[in-house]
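# pasting the structure only:
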């Protein structure tokens with residue numbers, strides 16, 4: 001049954017989805033892999049609103065986790081420190097706005113490719129992503145590496161990559177401009193532009209929470225300004241991408257209704273798709289870092305043109321852009337594995353991050369990673385065989401990640417020492433972030449169950 005969801009539903013639903021996803025990113029998973037969470041959640045919310053078929057949705061979600069994950073390569077910890085000083089607050093706001101805009105424009109562009117991937121050849125998609133990586137290398141070498149425009153601490157320098165992502169986005173959009181139809185590029189540019197606006201406003205305005213925190217009395221109970229920044233970033237970027245989807249709703253639905261064929265899938269053969277995801281996960285999470293990581297570190301101080309060239313190649317191969325290329329190529333050739341890539345691998349890295357942060361015994365690390373990941377993989381495979389599985393897949397991702405964030409409380413026993421603390425201190429000071437996670441998850445669950453039929 002086709003429904004016409006309101007403009008506000010297109011704005012609010014993805015906004016809350018990305019607010020939750022972005023808040024979880026950094027809490028149960030850092031870097032670009034952690035940013036896969038909001039990428040998956042915003043893509044799922046948009047696809048539900050557009051009423052796209054499950055097979056199409058699974059591919060779009062993979063493009064979403066890749067696109068939003070790319071921005072996770074940027075460093076911004078030192079940038080946010082500029083916001084604590086009145087003399088540098090404007091420079092810090094400029095920096096966060098720029099980095100947020102870059103995150104949004106590239107994320108929106110890659111996400112939007114998922115809506116038209118069936119009209120693109122595999123060769124076109126691969127070349128587009130390779131050119132994006134070439135643009136990233138150029139931006140890093142020309143601007144970031146020589147620190148022409150630098151938004152971190154020169155006294156304690158960190159490698160920045162905002163210009164790399166910016167030139168990567170330019171290269172990607174330029175190529176797609178000439179390889180796609182006028183209507184397709186209009187859709188791509190719409191997501192890129194609104195991603196730019198939402199990302200810039202989200203990070204730029206979100207960073208002002210630090211300014212507010214600096215000007216409030218020190219005895220105030222609430223101190224989670226970093227998470228408020230992330231919640232704001234996710235909220236506004238999600239709202240912007242949702243609005244772009246609303247503007248594109250007629251073109252996307254008509255096209256996909258015309259060309260989509262029902263997916264034939266058997267739960268009994270799900271081991272094939274799980275195996276594909278397992279191989280991709282081992283390759284990305286384990287083999288490449290182990291093989292190339294030490295070389296990149298060792299070659300960082302080596303001299304000579306050859307070593308510099310090899311180091312550059314190795315750096316791009318351990319970059320999330322290359323990992324994203326692997327994920328997209330994998331689902332182009334094994335489309336039925338897309339749900340496992342989108343849901344299971346996104347969840348998998350959260351338990352890897354948990355084990356890496358808190359466990360040292362290999363015998364305990366392996367089951368901690370494998371058991372919950374296998375549970376999520378089996379649930380994902382089971383619901384993939386259902387007629388209307390998108391809402392169920394979304395709920396699996398929401399509650400598996402929120403449950404993990406709750407479990408993580410046990411690794412911080414100081415949060416459970418509540419004797420002598422007031423009720424307000426416990427709620428607003430100790431558990432406020434966890435409460436926001438839970439409330440956001442409940443709101444999303446209510447929308448999904450109320451508005452979309454689940455199996």
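Structure's in. What do you need? Because the structure is predicted, anything quoted here is derived from the model rather than measured.
# What part of this protein, helix or strand, is modelled with the least confidence?
helix 249-259 (a mean of 69; mean pLDDT, DSSP states H and E).
# ok, residue 318 - contacts?
By Cβ atoms under 8 Å, 6 or more residues apart in numbering, residue 318 lies in contact with 288-289, 292-293, 296. Glycine gets a C-beta too; all of them are placed from N, C-alpha and C.
# what do you get if the cut-off is 10 Å, keeping everything else the same?
By Cβ atoms under 10 Å, 6 or more residues apart in numbering, the contact list for residue 318 reads 288-289, 291-293, 295-296.
# do residue 124 as well
113, 117, 175-176, 179-180.
# From those residues, list the buried ones, please.
113, 117, 175-176, 179-180 (16 or more other Cβ atoms under 10 Å).
# farthest-separated two in these?
Maximum pairwise distance in these, criterion Cβ to Cβ, is 14.8 Å, between 117 and 175.
# burial count for residue 169?
The tally of other residues near residue 169 (other Cβ atoms under 10 Å) stands at 28.
# With adjacent residues omitted, what lies nearest to it?
Excluding its sequence neighbours, the residue lying closest to residue 169 (Cβ to Cβ, 6 or more residues apart in numbering) is residue 106, at 4.1 Å.
# same check, this time on residue 246
In space, and not counting its chain neighbours, residue 246 is closest to residue 10: 3.7 Å by Cβ to Cβ, 6+ apart.
# List the contacts of the one you found.
Contacts for residue 10 were tallied using Cβ under 10 Å, 6+ apart; they are 45-46, 49-50, 239, 241-249.
# ok, of these, which one's closest to residue 64?
Set against residue 64, the nearest of those by Cβ to Cβ is residue 46 (8.2 Å).
# does that closest one sit in a helix, a strand or a coil?
Following DSSP: H, G, I helix; E, B strand; the rest coil, the label given to residue 46 is helix.
# Quick check: it touching residue 239?
No. At 11.4 Å, residue 46 does not count as touching residue 239 under the criterion of Cβ atoms under 10 Å.
# and these two? which has more neighbours close in?
Each of residue 46 and residue 239 has its neighbours counted (other Cβ under 10 Å); residue 46 has more, 31 against 26.
# and the spatially closest residue to residue 248 that is not a sequence neighbour, how far is that from residue 444?
Nearest in space to residue 248, with sequence neighbours left out and distances taken as Cβ to Cβ, 6+ apart, is residue 187 at 5.2 Å. Note on residue 187: its distance to residue 444, by Cβ to Cβ, to the nearest Å, is 26 Å.
# again with residue 379
17 Å.
# So for those two, which residue has more residues nearby?
Taking neighbours as other Cβ under 10 Å, residue 379 and residue 444 compare with residue 444 leading, 24 against 17.
# tally of neighbours for residue 439?
12.
# I meant to write residue 166 there.
22.
# which element follows the helix or strand that contains residue 377 toward the C-terminus?
Element membership of residue 377, judged by DSSP states H and E, is helix 362-384. Reading on from helix 362-384 to the C-terminus, the next helix or strand found by DSSP H and E is helix 390-407.
# now the angle from that following helix to helix 362-384?
Taking axes from the mean of the first three to the mean of the last three Cα atoms, to 10 degrees, one finds helix 390-407 and helix 362-384 inclined to each other by 160 degrees.
# tell me what helix 390-407 is packed against?
Counting contacts by 3 or more Cβ pairs under 10 Å, 6 or more residues apart in numbering; DSSP states H and E, helix 390-407 is packed against helix 7-24, helix 36-50, helix 54-70, helix 338-339, helix 346-358, helix 362-384, helix 432-451.
# Now tabulate those helices in JSON lines and tack on mean pLDDT and distance to residue 413.
Putting the helices and strands packed on helix 390-407 into JSON lines (pLDDT from 0 to 100; distance: least, Cβ to Cβ, whole Å) gives the following:
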{"stretch": "helix 7-24", "mean pLDDT": "97", "distance to residue 413": "21"}
{"stretch": "helix 36-50", "mean pLDDT": "97", "distance to residue 413": "26"}
{"stretch": "helix 54-70", "mean pLDDT": "97", "distance to residue 413": "32"}
{"stretch": "helix 338-339", "mean pLDDT": "96", "distance to residue 413": "37"}
{"stretch": "helix 346-358", "mean pLDDT": "92", "distance to residue 413": "12"}
{"stretch": "helix 362-384", "mean pLDDT": "91", "distance to residue 413": "18"}
{"stretch": "helix 432-451", "mean pLDDT": "95", "distance to residue 413": "15"}
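# Quick check: which of those is nearest to residue 309?
Using Cβ to Cβ, the nearest of the helices and strands packed on helix 390-407 to residue 309 is helix 54-70, at 23.4 Å.
# ok but residue 217 is inside a strand, no?
No. Read with three-state DSSP, residue 217 is coil and lies in no strand.
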